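**Q** Okay, here's the prediction I keep looking at, along with the sequence it came from:
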Amino acid sequence: MIRIFLIGPLKSSFILKGVEQYKKWLSPYTKNELIELELKKNFSKLTKEEVAAYDFLRIEPFFEKDSANIVLDETGIMLSSVELSRKIVFWNNSSKKNINFFVGGPWGHDIRVYAKADMVISLSKMTFTHEMVVLFLYEQIYRAYKIINNEKYHY
């Protein structure tokens, strides 16, 4: 199962629509779930470190020893779509219970998140909103399964 954990909700209607479409397209290949975790209230009044520490407490229980735990961060390594598909095959063949992707909130991740990660990946050298990251990640996961199954992506 693919699970994407997100600090904060998806709000933009066009993002919600796109994510739902990719979840539907992905469902014949693998179960998938988006888990939105509560964003700290009044986070604009707190320091970045305070918000990140709160976020860590929310996200930390979902790092599972028997799952692949992948953190998304602009400082991570960049993979091609083919490389991501190979990683997914590897994780699935390694009897991993789930493949968990972790997307930070507006202030990013607490330093402790990186120590728990099996891998830290970046979608780009550019910075995107956490909402856009979820949409792009779903698209890349769907593309990876098309590659894995030797199917055409473009119609």
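**A** Received, thanks. If you're wondering where the values come from, they're calculated on a predicted model, not measured in any experiment. Numbers count the residues shown, from 1 in each chain.
**Q** quick one: which helix or strand includes residue 28?
**A** Taking DSSP states H and E as the definition, one finds residue 28 inside no helix or strand.
**Q** That one: neighbouring residues, count only.
**A** Neighbour count for residue 28, taken as other Cβ atoms under 10 Å: 8. (C-beta placed from N, C-alpha, C; glycine too.)
**Q** And the pLDDT for the residue nearest the centre of the chain?
**A** With distances taken as Cα atoms, centre = their mean, residue 101 lies nearest the centre of the chain, 3.4 Å away. At residue 101, the model reports a pLDDT of 98.
**Q** now swap in residue 80 and tell me
**A** On the pLDDT scale, residue 80 gets 97.
**Q** okay, now it: neighbour count?
**A** 10.
**Q** The longest helix along the chain - contacts with which helices or strands?
**A** Assignment by DSSP state H gives helix 130-148 as the longest helix of the chain. Using 3 or more Cβ pairs under 8 Å, 6 or more residues apart in numbering; DSSP states H and E, the elements in contact with helix 130-148 are strand 2-7, helix 13-26, strand 32-37, helix 81-93, strand 99-103.
**Q** Residue 112: which of these is closest?
**A** Across the helices and strands packed on helix 130-148, residue 112 has its closest neighbour in strand 99-103 (11.9 Å, Cβ to Cβ).
**Q** Contacts for that closest one, please.
**A** 1-7, 59, 62-64, 67-72, 88, 91-92, 109, 113, 117, 130, 133-134, 137 (Cβ atoms under 8 Å, 6 or more residues apart in numbering).
**Q** could you point out which element follows it?
**A** Next along the chain from strand 99-103, counting by DSSP H and E, comes helix 111-116.
**Q** what does that next one rub up against?
**A** Residues contacting helix 111-116 (Cβ under 8 Å, 6+ apart): 52, 56, 59, 60, 63, 69, 71, 73, 102, 104, 120.
**Q** which element is the last one on?
**A** Element membership of residue 120, judged by DSSP H and E, is strand 119-122.
**Q** Any chance you could list what contacts that strand?
**A** So strand 119-122 is in contact with 68-79, 84, 87, 114, going by Cβ under 8 Å, 6+ apart.
**Q** hey, C-alpha coordinates of it in PDB?
**A** Below are the C-alpha coordinates for strand 119-122, written out as PDB (Å, rounded to 0.1, in the frame of the first residue of the first chain):
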ATOM      1  CA  MET A 119      15.300   7.800   2.200                       C
ATOM      2  CA  VAL A 120      14.900  11.600   1.600                       C
ATOM      3  CA  ILE A 121      13.900  12.500  -1.900                       C
ATOM      4  CA  SER A 122      13.300  15.800  -3.700                       C
END
